[in-house]
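Enquirer: sharing a sequence plus its predicted fold:
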Amino acid sequence: MAKPITEPPEWRRRARRAPSPPTPLPPRWGRGRMADAVTVGLAALDSDDDAGARAAAEVCRTMAWDQPDDVPGLRIGDGEGDLVLAHRPGQRFDVPAAAAAFLARVFESLGDEADLDAAIELHDTVVAMGEPVWDTARGAVAIGWAGAVLHEITGEEAFLATAERGADVVCEMQAADGSWGDADETALVARLLEEMADSVEARVGVDPPVEPEGDGGGEGG
């Protein structure tokens with residue numbers, strides 16, 4: 001795994017450089033069945049509405065697992081524009097990435113393994129969609145957020161690599177005034193950078209320190 005350029009304390013510092021503080025409300029993820037479910041589900045989690053979170057998670061799980069075979073991309077809704085194509089710029093990669101993060105958070109809160117499985121499926125699908133995933137701050141921070149939450153839950157290095165790449169990309173994209181595009185985009189990126197830092201640092205507190213290789217000077221031939 002390539003060494004990251006930035007680390008969680010830098011992510012938090014960059015987030016706090018933003019000209020407006022992160023919004024306390026869950027961000028909206030646009031229109032469409034999956035985007036609506038993520039927006040409503042995050043609000044339900046934040047208000048301890050378990051029934052609402054479960055209902056939204058079911059929508060996202062169903063869309064993750066029951067993709068039609070006759071379409072050349074990832075279906076995120078029922079509209080004409082609700083198809084995310086791999087290796088194409090300008091796609092809505094942020095929506096399935098945010099769904100992966102949401103499902104991981106639902107698993108963390110409510111413990112249904114199906115939510116974790118679907119979160120991993122969506123994470124892996126988005127990462128496999130190629131370099132355009134990382135072309136925008138919104139897409140990069142969304143998939144980085146999913147990686148950070150999944151790393152906190154599982155400890156798997158592949159998810160940490162996603163988080164680190166996403167953070168590196170958005171830190172590189174930050175303007176001199178601390179912004180990422182307009183006020184809404186800036187608030188979204190800043191909020192998720194903070195959450196990514198929290199998730200990765202929380203996992204550091206769980207994992208035992210790595211023992212150095214070798215016999216440690218013990219007895220032996």
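Expert: That came through fine.

Enquirer: show me what contacts the residue nearest in space to the middle of the chain?
Expert: Closest residue to the average C-alpha location of the chain: Ala146 at 2.1 Å, with CA atoms, centre = their mean. When contacts are counted by CB atoms under 8 Å, 6 or more residues apart in numbering, Ala146 touches 97-98, 100-101, 104, 119, 122-123, 126, 159, 162. (C-beta placed from N, C-alpha, C; glycine too.)

Enquirer: poorly predicted segments of this structure, please.
Expert: 1-2, 21-27, 207-221 (pLDDT under 70).

Enquirer: need the strands for it, in chain order.
Expert: Taking DSSP state E to define them, one finds strands in the chain at 74-75, 83-84.

Enquirer: ok, residues contacting the first one?
Expert: So the one you mean is strand 74-75. Residues from elsewhere that reach strand 74-75 (CB under 8 Å, 6+ apart): 63, 67-68, 82-84, 86, 96, 125-126, 129.

Enquirer: change it to 10 Å
Expert: 32-34, 63-64, 66-68, 82-86, 91-93, 95-96, 122, 125-126, 129 (CB atoms under 10 Å, 6 or more residues apart in numbering).

Enquirer: quick one: neighbours of Arg105, just the number.
Expert: Number of residues near Arg105 (other CB atoms under 10 Å) recorded here: 25.

Enquirer: gap between it and Arg92?
Expert: When distance is defined by CB to CB, to the nearest Å, Arg105 is 20 Å away from Arg92.

Enquirer: picking that back up, tell me which of the contacts of strand 74-75 fall in helices.
Expert: Of the positions in the contacts of strand 74-75, 33-34, 63-64, 95-96, 122, 125-126 sit in helices, assigned by DSSP state H.

Enquirer: dump those residues into CSV; add distance to Arg12 and neighbour count as well.
Expert: Formatted as CSV, the ones in helices among the contacts of strand 74-75 follow (distance: CB to CB, whole Å; neighbours: other CB atoms under 10 Å):
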residue, distance to Arg12, neighbour count
Arg33, 33, 18
Met34, 29, 29
Met63, 32, 23
Ala64, 30, 24
Val95, 25, 31
Pro96, 26, 29
Leu122, 26, 30
Thr125, 29, 18
Val126, 24, 28
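
Enquirer: of the residues you listed, closest to Pro8?
Expert: Val126 (21.7 Å; CB to CB).

Enquirer: next up, the contacts around that closest one.
Expert: Applying CB under 10 Å, 6+ apart, the residues near Val126 are 74, 84, 86, 91, 93-100, 133, 139, 142-143, 146-147, 162.

Enquirer: ditto for Arg17
Expert: So Arg17 contacts 174-179, 190 (CB under 10 Å, 6+ apart).

Enquirer: coming back round to it: between the ones in helices among the contacts of strand 74-75, which sits nearest Pro9?
Expert: Of all the ones in helices among the contacts of strand 74-75, Pro9 sits closest to Val126, with 26.4 Å by CB to CB.

Enquirer: thanks again, I'm all set now.
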